[in-house]
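> Could you look at this predicted model? Sequence included:
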Amino acid sequence: MGGLGEYRRKRDAGRTPEPVPGEGPLPEGNDDTFVIQEHHASRLHWDVRLERGGVLVSWAVPKGLPEEQGDIRLAVHTEDHPMEYAAFEGSIPRGEYGGGRMSIWDRGTYETVKWSDREVAVVLHGSRVSGKYTFFQGRSDKDWMVRRSEPAQHPDRAPLPELIEPMLAVPGSLPTAADDEQWAYEFKWDGVRALARVEGGRLALFSRKGNDITGTYPELRALGEDLGSTRVWLDGEVVAFADGKPSFGTLQKRMNTGEERLTRKLVADFPVTYVVFDVLHLDGVACLDLPYERRRDLLERLDLRGPHWNLSPSFPGEGSAVLDTAREQRLEGVIAKRLTSRYLPGRRSADWVKIADLRATEVVIGGWRPGEGRRSGVFGSLMLGVPSDAGLRYVGQVGTGFTDEVLRSLHAKLERLERKGSPFANEVPPERARGAHWVRPELVGEVVFRNWTADGRMRAPSWRGLRPDKGPDDVERWSGGVG
């Protein structure tokens, strides 16, 4: 450690705003100053710099300094920086070494506990971080690690959970005018539910079932970098827009893609937006027991607006107006949320009510009937059911809402699932069962329809698409109010 030769070699003073001092004696100091800079380079990291012998000895810590005692994180030892760098903030031009935005995250003084070529132990005294940290060398000169060597700075803070289940809404109608002021209203987005965990500038995205879907939507990773050192769980919906409106059909093209090259192409052709509507944990504070209106206030302070993410608008006490707007814009519907409601992970609560002009429900495909004319060789309609205590209950057929591509691809899936005999627990009307091909009830889809008939059938259903993120066990019992 020591000297600025490597620092100067990597930088051209005419191309970067960073301080590049000329040759000469190093300044003398007290060896007690530190600075931590948040560096949005090719990968977000935090540069920890300690004054020593007239230079700033530096480590790049990808996930920031650990907060829990004994937690160990990577800390890459980099070249020494000049003392002037302790005050540097700005943007290093793209293409230059370390190109990206640099800002001061924390600064203060430190005490030296131990300083050797293989181990540096210090006690930091800053406005955002304080306590004893030990940097220690691994297998090579640059292969260092850092651990917090004493109890957490804020022992009363709750650790960020590894997984949280989403709260669910019940179908219902608009609250009465007398109760309107007790509710906030959000648009119902035609997308896929997703919860985001952000720590150390890294985002992990989870489906409603808890599956990691981060790789399916790589354009959303930048949200983690945008949040920087914020440690948070967010709830929202992944939405694809077509002609300015949510399109579940477009989103289907992005779901369950595993091949990286194909995913990159789909990102360019069919980008998605993460529409955020709740915060569940924020910087050591569990928010689940906070009322909705308090969580909403915390969420708005995060200022979540970016190229692929946005905040879902919320309108307290404006139920009728929001529902009218949803109808005019042909959106899926409205979610009413009681202002005093807690967040109940994994539970369905009447404190959240989904209101739809057209009802949407999840269905299981139990069979198909052959098509005619332009549909010759593929199915003409699908035979649908929903789970009940007695088994899969037949609720009707759907024959509209399919593109030619969907007809071909879905027909191929159905042929592989063919079985003898109906999978439905109740009787399918003979005129509907005539010529039917029965399938194992493994494919879950979604339809919209006007209402239910007296005998429990869907009126005027239209196909919206498969739900490859769900299996038969995920279909809500008596979904949409059947029974």
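Thanks, I have it. Numbering: from 1, shown residues only.
> Contacts only, for the nearest residue to R208 once chain neighbours are set aside.
Spatial nearest neighbour of R208, excluding adjacent residues (C-beta to C-beta, 6 or more residues apart in numbering): R193 at 4.5 Å. Every C-beta, even on glycine, is put in place using the N, C-alpha and C of the backbone. By C-beta atoms under 8 Å, 6 or more residues apart in numbering, the contact set of R193 is P166, S207, R208, D235, G236, E237.
> Please apply the same query to V406.
Contacts of V406 (C-beta under 8 Å, 6+ apart): W463, G465.
> is it true that it lies in a strand?
No. Counting by DSSP: H, G, I helix; E, B strand; the rest coil, V406 falls outside a strand, being helix.
> With respect to pLDDT, which of the contacts of R193 ranks lowest?
Ranked by pLDDT, the contacts of R193 bottom out at R208 (92).
> Could you give the number of residues near it?
17 (other C-beta atoms under 10 Å).
> Extract the CA atoms of stretch 457-468 and return them as PDB.
Output of stretch 457-468 as PDB, limited to C-alpha atoms (Å, rounded to 0.1, in the frame of the first residue of the first chain):
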ATOM      1  CA  ARG A 457     -71.500 -21.300 -16.200                       C
ATOM      2  CA  MET A 458     -69.600 -18.300 -17.500                       C
ATOM      3  CA  ARG A 459     -71.500 -16.000 -19.800                       C
ATOM      4  CA  ALA A 460     -69.600 -14.700 -22.900                       C
ATOM      5  CA  PRO A 461     -66.100 -15.800 -21.900                       C
ATOM      6  CA  SER A 462     -63.000 -14.600 -23.800                       C
ATOM      7  CA  TRP A 463     -59.600 -16.200 -23.600                       C
ATOM      8  CA  ARG A 464     -56.800 -14.000 -22.100                       C
ATOM      9  CA  GLY A 465     -54.000 -16.500 -22.000                       C
ATOM     10  CA  LEU A 466     -52.200 -19.300 -20.200                       C
ATOM     11  CA  ARG A 467     -50.800 -18.700 -16.800                       C
ATOM     12  CA  PRO A 468     -47.400 -20.600 -17.000                       C
END
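> for the record, mean pLDDT for it?
Averaging pLDDT along stretch 457-468 gives 86.
> Now do that stretch: everything it contacts.
With C-beta under 8 Å, 6+ apart, stretch 457-468 has contacts from 190, 248-249, 252, 255-256, 360-362, 382, 384, 395-398, 400-402, 406, 410, 443-453, 474.
> what's the weakest-modelled helix or strand in the chain?
For the chain, counting by mean pLDDT, DSSP states H and E, strand 451-452 ranks last in confidence among helices and strands (a mean of 77).
> Mind giving me the packing neighbours of it?
Using 3 or more C-beta pairs under 8 Å, 6 or more residues apart in numbering; DSSP states H and E, the elements in contact with strand 451-452 are strand 458-459.
> what's the offset of the strand it packs on from the middle of its chain?
34 Å (C-alpha atoms, centre = their mean, to the nearest Å).
> Stretch 59-78 now?
That offset, for stretch 59-78, works out to 24 Å (C-alpha atoms, centre = their mean).
> before we move on, what about stretch 85-98?
Per C-alpha atoms, centre = their mean, the centroid offset for stretch 85-98 relative to its chain is 30 Å.
> Please shift the residue numbers so they start at 5 in all later answers.
Fine by me, first position is 5 from now on; the one you just mentioned is stretch 89-102.
> The host helix or strand of the residue nearest to R212 pairs with which strands, and in what direction?
Assigned by DSSP states H and E, R197 belongs to strand 196-203. Note on strand 196-203: by DSSP bridges, its sheet partners are strand 206-211 (antiparallel), strand 236-246 (antiparallel).
> before we move on, back to that, nearest to G371 among the contacts of R197?
R212 (26.8 Å; C-beta to C-beta).
> related to what we said a few turns ago, please tabulate the strands paired with strand 196-203 in a markdown table and include distance to P472 and mean neighbour count as additional columns.
Converted to a markdown table, the strands paired with strand 196-203 look like this (distance: least, C-beta to C-beta, whole Å; neighbours: other C-beta atoms under 10 Å):
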| stretch | distance to P472 | mean neighbour count |
| --- | --- | --- |
| strand 206-211 | 10 | 20 |
| strand 236-246 | 13 | 22 |
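> need those in a markdown table with distance to R438, can you?
Shown next, in a markdown table, are those (distance: least, C-beta to C-beta, whole Å):
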| stretch | distance to R438 |
| --- | --- |
| strand 206-211 | 39 |
| strand 236-246 | 38 |
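> which stretch among these comes nearest D230?
Nearest to D230 among the strands paired with strand 196-203 is strand 206-211; the distance by C-beta to C-beta comes to 9.3 Å.
> Distance check, the closest residue to L414 other than its chain neighbours against G375.
In space, and not counting its chain neighbours, L414 is closest to L470: 7.0 Å by C-beta to C-beta, 6+ apart. Note on L470: its distance to G375, by C-beta to C-beta, to the nearest Å, is 18 Å.
> I figured F210 was touching V202, is that so?
No. With contacts counted by C-beta atoms under 8 Å, F210 stays clear of V202, the gap being 11.9 Å.
> beta partners for the residue nearest the centre of the chain?
Per C-alpha atoms, centre = their mean, the C-alpha nearest to the average position across the chain is that of A200, at 3.2 Å. When assigned by DSSP bridges, A200 has beta-bridge partners L209, L238.
> what residues are up against it?
A200 touches 207-210, 224, 227, 236-240, 278, 280, counting by C-beta under 8 Å, 6+ apart.
> Same check on R47?
The contact partners of R47, taken as C-beta under 8 Å, 6+ apart, are P66.
> Can you report the mean pLDDT over the residues of the strand or helix carrying W356?
According to DSSP H and E, W356 maps onto strand 352-359. When pLDDT is averaged along strand 352-359, the result is 95.
> for stretch 275-287, same thing?
97.
> Extract the C-alpha trace of that stretch and format it as PDB.
Provided in PDB are the C-alpha atoms of stretch 275-287 (Å, rounded to 0.1, in the frame of the first residue of the first chain):
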ATOM      1  CA  PRO A 275     -40.100  -4.500 -22.600                       C
ATOM      2  CA  VAL A 276     -41.900  -4.600 -19.300                       C
ATOM      3  CA  THR A 277     -42.600  -2.200 -16.500                       C
ATOM      4  CA  TYR A 278     -42.600  -3.000 -12.800                       C
ATOM      5  CA  VAL A 279     -45.600  -1.100 -11.400                       C
ATOM      6  CA  VAL A 280     -45.100  -0.900  -7.600                       C
ATOM      7  CA  PHE A 281     -47.900  -0.500  -5.200                       C
ATOM      8  CA  ASP A 282     -46.700  -1.400  -1.700                       C
ATOM      9  CA  VAL A 283     -43.600  -1.500   0.600                       C
ATOM     10  CA  LEU A 284     -43.300  -4.300   3.100                       C
ATOM     11  CA  HIS A 285     -39.900  -3.800   4.700                       C
ATOM     12  CA  LEU A 286     -37.700  -0.700   4.600                       C
ATOM     13  CA  ASP A 287     -34.200  -0.200   6.000                       C
END
